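J.: coords please:
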Amino acid sequence: NVADLEALVAKQPDLVILGMKFVLLDPTLGYEDSPKIWLSAYLDSHDIASTGSDAKAMALQLDKHVAKQAVLDAGLQSSAYFISSINNPSFLHNLTFPLFVKPANRGGSSGIDEQSVVYTDAELQAKITSLHDTYASDVLIEEYLAGREFSVAVIKQSVSGELVAMPIEIRTPADTQGNRFLSSAVKEADLEKVLALDDPLLKAAVGTFAIAAFKALSSRDFGRIDMRLDAQGMPSFIEANLMPGLSNHCYLFRCLNLNAGITYDDMILSIVDVSLQRSLAGSLQATEGINVAPIPSVRV
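T.: Just a heads-up that it's a prediction; the model follows:
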């Protein structure tokens with residue numbers, strides 16, 4: 001709540017590692033309708049550094065259809081889609097079955113199960129209605145991509161400023177219809193396999209695509225871009241996670257570890273380094289207009 005944020009600001013920390021995006025001022029209204037305080041913007045307004053992207057990028061990636069459109073507008077590939085609004089449900093479309101149906105603004109595979117891939121209008125309507133009722137959320141409906149799935153960590157190097165992509169392949173068990181995707185049940189049971197990419201051409205293609213999508217969403221510091229291959233074997237954007245989990249089992253860490261042997265401690269230190277470096281550069285350049293030398297590696 002607001003009192004918690006005020007107490008945080010009073011401590012004047014050097015850096016806040018963000019694990020949540022916003023505070024709802026009226027939680028009874030839900031995400032769509034409640035006024036929000038976006039934490040990165042709030043901290044920026046008090047000259048306190050924080051990790052990750054700014055509030056505009058966070059809001060963009062949280063609404064999955066808005067992020068899809070931003071990626072499409074940048075000339076990148078993402079499957080055709082439409083939205084069923086919680087305030088104005090819609091089942092009409094001109095897409096090609098099968099379709100994939102999920103909440104438009106939930107993470108962690110929420111609402112994704114064996115009924116998420118639909119083959120008929122009746123199945124489509126049933127799944128949309130179920131998600132509206134369960135999550136009180138807009139629903140994203142997109143043409144289903146049956147190709148291989150990848151998650152790509154994109155992280156900025158604090159010294160060079162270069163964006164580096166580190167992809168992994170996510171392989172899930174087939175459901176009763178033979179479809180493979182990361183459902184909430186698969187994720188909770190930790191049934192998926194995470195693999196490094198051996199094909200250098202494929203690795204380069206998904207890495208280049210991920211960096212382009214990261215830029216299209218005006219992201220900064222670090223994040224993950226999820227994609228699948230389309231029928232022609234080309235990367236197609238699914239969604240972004242600009243505030244990925246930071247556990248030692250999260251996809252971000254596994255991306256860095258499998259690609260570059262990066263340890264968990266070094267992952268955290270690199271996130272701290274790049275965030276503090278950006279904050280220091282912004283502060284000094286705003287007041288003095290000078291270039292800022294890299295800060296030493298942080299030790300915590």
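
J.: And the closest residue to Pro98 other than its chain neighbours, how far from Ala165?
T.: Using CB to CB, 6 or more residues apart in numbering and skipping the chain neighbours, the partner closest in space to Pro98 is Tyr144 (4.4 Å). In short, each C-beta sits where N, CA and C put it, glycine included. Counting by CB to CB, to the nearest Å, the gap from Tyr144 to Ala165 is 25 Å.

J.: And the host helix or strand of Asp133, what's buried?
T.: Per DSSP states H and E: Asp133 is located in helix 121-135. Within helix 121-135, the residues that qualify as buried are 123-124, 127-128, 131-132, 135, counting by 16 or more other CB atoms under 10 Å.

J.: cool, stretch 151-169 as well?
T.: 151-156, 158, 163-169.

J.: With stretch 197-212 instead?
T.: 197, 202-203, 205-207, 209-212.

J.: Could I get these in a markdown table, plus columns for pLDDT, distance to Phe91 and secondary structure?
T.: Formatted as a markdown table, those follow (pLDDT from 0 to 100; distance: CB to CB, whole Å; DSSP: H, G, I helix; E, B strand; the rest coil):
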| residue | pLDDT | distance to Phe91 | secondary structure |
| --- | --- | --- | --- |
| Leu197 | 97 | 38 | coil |
| Leu202 | 97 | 37 | helix |
| Lys203 | 98 | 40 | helix |
| Ala205 | 98 | 36 | helix |
| Val206 | 98 | 33 | helix |
| Gly207 | 98 | 38 | helix |
| Phe209 | 98 | 32 | helix |
| Ala210 | 98 | 33 | helix |
| Ile211 | 98 | 37 | helix |
| Ala212 | 98 | 33 | helix |
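
J.: Let me know the closest of the residues you listed to Val23.
T.: Of all the buried residues of stretch 197-212, the one with the least separation from Val23 (CB to CB) is Ala210, at 29.8 Å.

J.: Quick check: closest non-adjacent residue to the closest one.
T.: Val152 (3.6 Å).

J.: Asp265: what's it in contact with?
T.: Under the criterion of CB atoms under 8 Å, 6 or more residues apart in numbering, the contact list for Asp265 is empty.

J.: ranges for the helices of the protein?
T.: Taking DSSP state H, the helices of the chain run over residues 2-11, 30-33, 39-45, 55-62, 64-73, 121-135, 184-189, 200-216, 251-260, 264-288.
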